[in-house]
Every structure is written in structure tokens, then in C-alpha cells.
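Peer 1: below are the sequence and a predicted model for it; my questions follow.
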Amino acid sequence: MKPLPHRYQARIHGGPEGHAVLSSPGVPDLRTAPPVDFDGPGDAWSPEQLLLAAVEACFLLTFRAIAKASRIEFTALTVDAEGTVDRAGGSMRFTEIVLRPRIALPAGADPARVRRALEKAEATCLVSASLDTPVRLEPEVAI
């Protein structure tokens, strides 16, 4: 890891209607628009989906680093996320995010050790740690 602090850049460009385009140096652009729940077209990544995707990606990548450092082998990790948006504290916000990681392990793996590593990944993921929304972990471990 490079020394801290790290800095990241993103840009969005759009007009008075339709899709907007997210960009960042060195990565493909992404179309974004409101979700159907907010009267959007539902055919592009919404801010709500992007937030969940950021939590999922951070969780998976954090787990990879923990697994590597702990010499935990796994064959696949899929993470589903579900976020609830509701009114709380006088504003509309995410009130909960549930992460459902499903991890496949090779024969002979220690499921309890892997569960602890999954919990550590959730606790140390910098994206979810930066949010004021509770994140609940519901792991499924399969050998």
C-alpha cells in the first residue's frame, strides 16, 4: 500500500434531463440516472446502486487482503447487498445495508476462521466505516 493520505477523483457530467456520465481517470465511464423508485428510467446505475456496489467491492477487496495475510484459501466469493432507504432523523437516507457474502472453500478449510475473517473485513472496510449507516453481515460458508 502506498503511504497515506490517498486522493481519488471523480466527475459527473449531465444536462437538465436524461442520463449523466460518471468518469474518473483510467477507468471506463458509467451512465447514471435515478432509479425507477425516484421516477428514473431504471436502465443505468443509480446513486443508490453505486453506494451498495462500493460497499460490496470494498468488502470483497478487504477480505482478499485479509485472506492473503491470514493464508486463508477460498475458491469463490459472491457478495449480494441490499440497502433500505427510509425516513429517519427527519431526512430520507439509507437506514440499513445487509451484506450477504457466499464463500466457497476448499476441503479441509476452517469455516469458523473464515467467518472471523469475513467479520473483520466488514469491520475494516473503509467505505462502510465511512458511512453512518449500519451494515449487517449475513455470511454463508460452503465447503
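Peer 2: Structure's in. What do you need?
Peer 1: quick one: the strands in the chain?
Peer 2: For the chain, the strands identified by DSSP state E occupy 11-13, 20-23, 30-32, 76-88, 91-104, 135-137, 140-142, in order along the chain.
Peer 1: Pro106 against Ile143, yeah?
Peer 2: Yes - contact criterion C-beta atoms under 8 Å: Pro106 and Ile143 qualify, at 7.5 Å. C-beta: built from backbone N, CA, C; applies to glycine.
Peer 1: between the two, who's got more neighbours?
Peer 2: Using other C-beta atoms under 10 Å as the criterion, Pro106 and Ile143 rank with Ile143 on top: 13 against 9.
Peer 1: in this protein, where's the longest helix?
Peer 2: helix 47-70 (DSSP state H).
Peer 1: which helices and strands sit right next to that helix?
Peer 2: The contact analysis (3 or more C-beta pairs under 8 Å, 6 or more residues apart in numbering; DSSP states H and E) places helix 47-70 against strand 30-32, strand 76-88, strand 91-104, helix 111-124, helix 126-129.
Peer 1: out of the ones you listed, which is closest to Lys68?
Peer 2: Distance to Lys68, taken as C-beta to C-beta, is lowest for helix 111-124 among the helices and strands packed on helix 47-70, at 10.4 Å.
Peer 1: turn the strands of the chain into CSV, including distance to Ala54, mean neighbour count and mean pLDDT.
Peer 2: Below are the strands of the chain laid out as CSV (distance: least, C-beta to C-beta, whole Å; neighbours: other C-beta atoms under 10 Å; pLDDT from 0 to 100):
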stretch, distance to Ala54, mean neighbour count, mean pLDDT
strand 11-13, 15, 10, 98
strand 20-23, 12, 16, 98
strand 30-32, 12, 16, 98
strand 76-88, 10, 14, 97
strand 91-104, 10, 16, 97
strand 135-137, 12, 16, 97
strand 140-142, 22, 13, 95
